[in-house]
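[1] The following comprises the amino acid sequence and a computationally predicted model.
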Amino acid sequence: MTKAIVVNQTGGPEVLSYEDWPLANPGPGQVALRQTAIGLNFIDTYQRSGLYPQPMPFVAGNEGAGVITAIGDGVTDLKVGDRVVYQGQVGAYATERLAAAERMVPIPDGIDDQTAAAILLKGLTAYYLLFQTWPVAKGETILWHAAAGGTGLIATQWAKALGADVIGTAGSDEKCALATAHGCDHVINYNTEDFAARVRDLTNGRGVDVVYDGVGKSTFEKSLDCLRPRGLLASFGNASGVPSLPDVTLLARKGSLYVTRPTGTHYVGQRENLLAGASALFKAVLDGAIKVEIGRTFPLSEAADAHRALEGRETTGSVLLIP
C-alpha cells in the first residue's frame, strides 16, 4: 500500500481524499518509484473537476521525481537507485507508485529532485511552444500571459535567451515585479490596464508576432487584438475557463490570424522527443539561462489546499507537493 490523493468523484478541491492505495509489483515495461517531490499543474485541476475525464477512482497528479526501487521485465536502460523525473503519467500524488519506464527521464547531476519535479512538465511545455509551435527567432516580440506562473517564469527567461523581446502579463504588482526579474522586458497588470491597448503602445501599433495564452477564456479575444497580421495565438491552457471562437471570420477581420491549441501529447509523446526536450531544458537550467522559482511547497496530505491556492491565483512560480 501507498499513501495517495484519490479522486472518487469529480468536483472542487474538497474531492481530493488522502487515503491508502494498493501498490503492486512493477509489470513488464514498468518501474516502481519512491517519490521525493511532486509537481502541481493546472492539468491536475482539469482532471479533478472532470473537464479532462479520467476513469474513476484515480490517483491525481501528472508529474513527479523520485528514486527507482524496482523494475519490471523488459526494462533495460534504467536500474534500481536511478533518480528520475516524469510528466504525463496520471497517478503522481502518491508516496510510491508504478509508472511506464519509457516516460522516465534520468535527472542529471547538478539538478536536485525538487527542481526536476518543478520544471519538467512546465519546461517541456515552454520548450515545444517556443521551439516548435512557433519557433521564436531573435528580434521577434512575444506576449506571454501569466508570466509569473510556473510555466511563465521558465518560458520568459528562455525566450529572452533566444533573443526575443518579451512582454508579459500578470495579475498583481508583486507578480509583475517577479516576472520582470525573470526576463520580461515589459509586464502589464491585466487587472489594472487594458493589456491589448498597452501591447499596441509598446509595439508602436504593430502588434506581437505570437501570443502564448495559458489563461484561456478571460484573455482569449483580447489576445487576438495583440497580434500583428498573420500572427499566431497559441492557446495552451484554460485557467479561467475554456475559450471559444464562435465566428471564424473574426480571424480574417483581425489580420488573417492563426490560432492553435497545442498539447504535449503531440509534441513530446514519443520517447525520443521527450528526451530531446528534457535535454534542452536541463541544459538551459545548468547553463543559467533559466533560474527555477519554487514559489510554495505543501505536504502531500494538503493537496486540496494546494489546488485552492493554484486556482485562486495565489501562487507564483512552481508549486510542489512533498510526500
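    Everything's here; your move. Numbers count the residues shown, from 1 in each chain.

[2] where along this structure do the helices fall?
    Chain-ordered helices for the chain, with DSSP state H as the definition, fall at 42-49, 113-128, 150-161, 173-181, 195-202, 220-224, 249-253, 265-268, 271-286, 303-311.

[3] For those helices, give me TSV that also has distance to Pro22 and mean pLDDT.
    Yep, even glycine has a C-beta here, placed from its N, CA and C like the rest. Output for those, formatted as TSV (distance: least, CB to CB, whole Å; pLDDT from 0 to 100):
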stretch	distance to Pro22	mean pLDDT
helix 42-49	20	95
helix 113-128	24	97
helix 150-161	31	96
helix 173-181	41	94
helix 195-202	48	97
helix 220-224	42	95
helix 249-253	50	95
helix 265-268	27	94
helix 271-286	28	97
helix 303-311	19	97
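
[4] residues in contact with Cys124?
    Check again: residue 124 is Leu, not Cys. Gln87, Gly264, Tyr267, Val268, Leu274, Gly277, Ala278, Leu281 (CB atoms under 8 Å, 6 or more residues apart in numbering).

[5] can you put those residues in CSV and add neighbour count and distance to Pro243?
    Shown next, in CSV, are the contacts of Leu124 (neighbours: other CB atoms under 10 Å; distance: CB to CB, whole Å):
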residue, neighbour count, distance to Pro243
Gln87, 26, 24
Gly264, 21, 19
Tyr267, 19, 20
Val268, 25, 23
Leu274, 22, 28
Gly277, 23, 26
Ala278, 24, 29
Leu281, 23, 27
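
[6] Which of those residues sits closest to Gly12?
    Lowest distance from Gly12 to the contacts of Leu124 (CB to CB) belongs to Gln87, with 24.2 Å.

[7] Excluding chain neighbours, what is closest to that closest one?
    Leu121 (3.8 Å; CB to CB, 6 or more residues apart in numbering).

[8] Neighbours of the spatially closest residue to Asn191 that is not a sequence neighbour, how many?
    Nearest residue to Asn191, sequence neighbours excluded (CB to CB, 6+ apart): Gly171, at 5.3 Å. For Gly171, the neighbour count with other CB atoms under 10 Å is 17.

[9] Also Met56?
    Neighbours of Met56 (other CB under 10 Å): 11.

[10] Hmm, it is touching Gln9, no?
    Yes - the pair Met56 / Gln9 is scored as a contact, 6.8 Å apart, by CB atoms under 8 Å.

[11] need the contact list for the residue nearest to Asn191.
    By CB under 8 Å, 6+ apart, the residues touching Gly171 are Ala146, Asn189, Tyr190, Asn191, Arg313.

[12] what's the distance between the second one and Ala177?
    This points to Asn189. Using CB to CB, to the nearest Å, one obtains 10 Å as the distance from Asn189 to Ala177.

[13] Looking at the two, which one has more neighbours?
    Asn189 (16 against 13).

[14] which residue packs closest to the more buried one, ignoring adjacent ones?
    Cys176 (5.4 Å).

[15] Tell me who's in contact with that neighbour.
    Here Cys176 is in contact with Ala148, Gly168, Ala170, Val187, Ile188, Asn189 (CB under 8 Å, 6+ apart).

[16] again, 6 Å this time
    Ala170, Val187, Asn189 (CB atoms under 6 Å, 6 or more residues apart in numbering).

[17] Can you add distance to Ala159 and give those back as a markdown table?
    Shown next, in a markdown table, are the contacts of Cys176 (distance: CB to CB, whole Å):
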| residue | distance to Ala159 |
| --- | --- |
| Ala170 | 16 |
| Val187 | 13 |
| Asn189 | 20 |
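
[18] Closest one to Glu19 out of the residues you listed, please.
    Ala170 (36.5 Å).

[19] which residue sits closest to the residue nearest to the spatial centre of the chain, ignoring its sequence neighbours?
    Against the mean C-alpha coordinate of the chain, by CA atoms, centre = their mean, the closest residue is Lys122 at 3.0 Å. Sequence neighbours aside, Thr151 is the residue nearest to Lys122 in space, at 4.2 Å (criterion: CB to CB, 6+ apart).

[20] ok, how many other residues are close to Arg313?
    Using other CB under 10 Å, the number of residues around Arg313 comes to 18.

[21] quick one: contacts for it?
    Residues counted as contacts of Arg313 (CB under 6 Å, 6+ apart) are Gly171.
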